[in-house]
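>>> Provide a 3D model corresponding to the input given below.
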Amino acid sequence: YAPDLPFKLEHLVLDVTVDPIAKTMSGTATQRVRATAPSQQWLKLDQIGLEIEETRIGSEVVAFEVEGPRLRVRLPQNGGKGPAVGEIFEVAIKYRLHNSRRGLYFTGPDADYPKKRHQVWSQGQDEDSRYWFPSFDYPNQKATSEVIATVPKGYTAVSNGALLSKKDAPGGVRFHYKLGSPQVMYLVTLVVAEFSEWADAGPGWVPVQYFVEPGREEDGKRAFGNTPKMIAAYAEKTGVPYPYEKYSQVAVQDFIFGGMENTSATTQTDLTLHDARAHLDFSSDPLVSHELAHQWF
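Down below sits the predicted model:
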């Protein structure tokens, strides 16, 4: 059964620092929440394996409890009544994780593949986002979102929505993304790696972006080159223009599926990058068009 909804998530902000080599992430998940039921004493969020350090409501540090897969945050009671129905407040959770079991995957060199690059990528479907950030991890909640990721210099962070800024920061580079349309939490994405990137102009000048491992640029163009035509075809067939700020395709190593239709930023296996000879026999168009279609459906 779907969980009860005594609260509605309005907006999520993840402000995190990622270390691909140490396999760690730390930061703060801030949830803007609206109360929809009276007399609530606790806000219950999904989490698994996270090291919760502190919880705040507004500027006030509040008590919390971790009970198995739930984080319970104590709410101000206002005379024993809890937040009023319709009241909006922000809950900030400071937390850490190390080499998470699911949700956020740290890949890199090992004894058998010593030249493999360090990469970090998320995979939230269907209820795995709780392994890398606390939230309402069930698809009966949708919210707008921001992901702010500080990564080492030389690395690129990719996430949902528009890239608002890219700035030098202590210890690396800070990327700030914002998605203006509500989405379920399993579609929140973060990829951190050393990438070669380029872009096309899609229909209506929607930025169409590609991210592949350096040296695989030609393979990436073979795999993804028809994307702008596909966007135009879907817009024509549905009568609905492409709805988001941009469309990114990111090819990563060791991905556990073929692709994942994260809102405005699809993640795909790098096995879809073919050299010229393989491309004669096998096209990436079915995978590319499948994940793109999910941006409408």
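
>>> Quick check: nearest residue in space to residue 56, chain neighbours excluded?
residue 92 (4.5 Å; C-beta to C-beta, 6 or more residues apart in numbering). Every C-beta, even on glycine, is put in place using the N, C-alpha and C of the backbone.

>>> So that neighbour sits against residue 33, correct?
No. Using C-beta atoms under 8 Å, residue 92 makes no contact with residue 33, being 11.2 Å away.

>>> Looking at the two, which one has more neighbours?
residue 33 (26 against 19; other C-beta atoms under 10 Å).

>>> From the rest of the structure, what touches the helix ranked longest in the chain?
Ordering each helix of the chain by length in residues (DSSP state H) puts helix 227-238 first. The contact list for helix 227-238 (C-beta atoms under 8 Å, 6 or more residues apart in numbering) reads 200-203, 206, 208, 241-242, 247, 249, 285, 288-289, 292-293, 295-296.

>>> With residue 172 as the reference, measure out to the residue most central in space within the chain.
Closest residue to the average C-alpha location of the chain: residue 189 at 1.5 Å, with C-alpha atoms, centre = their mean. Remark: distance between residue 189 and residue 172 (C-beta to C-beta, to the nearest Å) = 19 Å.

>>> before we move on, what about residue 114?
Taking C-beta to C-beta, one finds residue 114 at 24 Å from residue 172.

>>> More neighbours: which of those two?
Neighbour totals were compared for residue 114 and residue 172, and residue 172 leads with 18 against 8 (other C-beta under 10 Å).

>>> Quick one: residues contacting the residue lying closest to the more buried one once chain neighbours are set aside.
Leaving aside its chain neighbours, residue 172 sits nearest to residue 152 (4.6 Å; criterion: C-beta to C-beta, 6+ apart). Residue 152 sits next to 19-21, 171-173 when contact means C-beta under 8 Å, 6+ apart.

>>> Go again with 10 Å.
By C-beta atoms under 10 Å, 6 or more residues apart in numbering, the contact list for residue 152 reads 17-21, 118, 171-173, 192, 194.

>>> What values do phi and psi take at residue 34?
phi -110, psi 130 (degrees, to the nearest 10).

>>> How many neighbouring residues does it have?
14.

>>> cool, and residue 203?
Residue 203 has 17 nearby residues by other C-beta under 10 Å.

>>> now residue 252, nearest residue through space, not along the chain?
That would be residue 121: by C-beta to C-beta, 6+ apart, it lies 4.7 Å from residue 252.

>>> Whichever strand or helix holds the one you found pairs with which strands, parallel or anti?
Residue 121 is located in strand 119-122, with elements delineated by DSSP states H and E. Strand pairing for strand 119-122, using DSSP bridges, gives strand 104-107 (antiparallel), strand 190-193 (antiparallel).

>>> Tabulate the ones you listed (TSV), appending mean pLDDT.
Shown next, in TSV, are those (pLDDT from 0 to 100):
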stretch	mean pLDDT
strand 104-107	98
strand 190-193	98
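
>>> With distance to residue 74 and mean neighbour count as added columns, please give the ones you listed in a markdown table.
As requested, those are arranged in a markdown table below (distance: least, C-beta to C-beta, whole Å; neighbours: other C-beta atoms under 10 Å):
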| stretch | distance to residue 74 | mean neighbour count |
| --- | --- | --- |
| strand 104-107 | 27 | 22 |
| strand 190-193 | 29 | 26 |
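
>>> closest to residue 49 out of these?
strand 104-107 (10.5 Å; C-beta to C-beta).

>>> And for the closest one, what's in contact with it?
16, 18-25, 97-100, 113, 116-124, 128-129, 131-133, 190, 192-193, 252-256.

>>> give me that answer again for 6 Å
23, 99, 119-122, 132, 253-254 (C-beta atoms under 6 Å, 6 or more residues apart in numbering).

>>> for stretch 26-45, same thing?
6-17, 70-73, 75, 82-83, 85, 87-88, 90-94, 96, 133-135.

>>> Which members of those residues are positioned in helices?
Assigned to helices by DSSP H, none of the contacts of stretch 26-45 qualify.

>>> Tell me which entries of those residues lie within strands.
Those of those mapping onto strands are 7-17, 70-73, 88, 90-94, 96, per DSSP state E.

>>> Quote the end-to-end distance of stretch 181-191.
20 Å (C-alpha to C-alpha, to the nearest Å).
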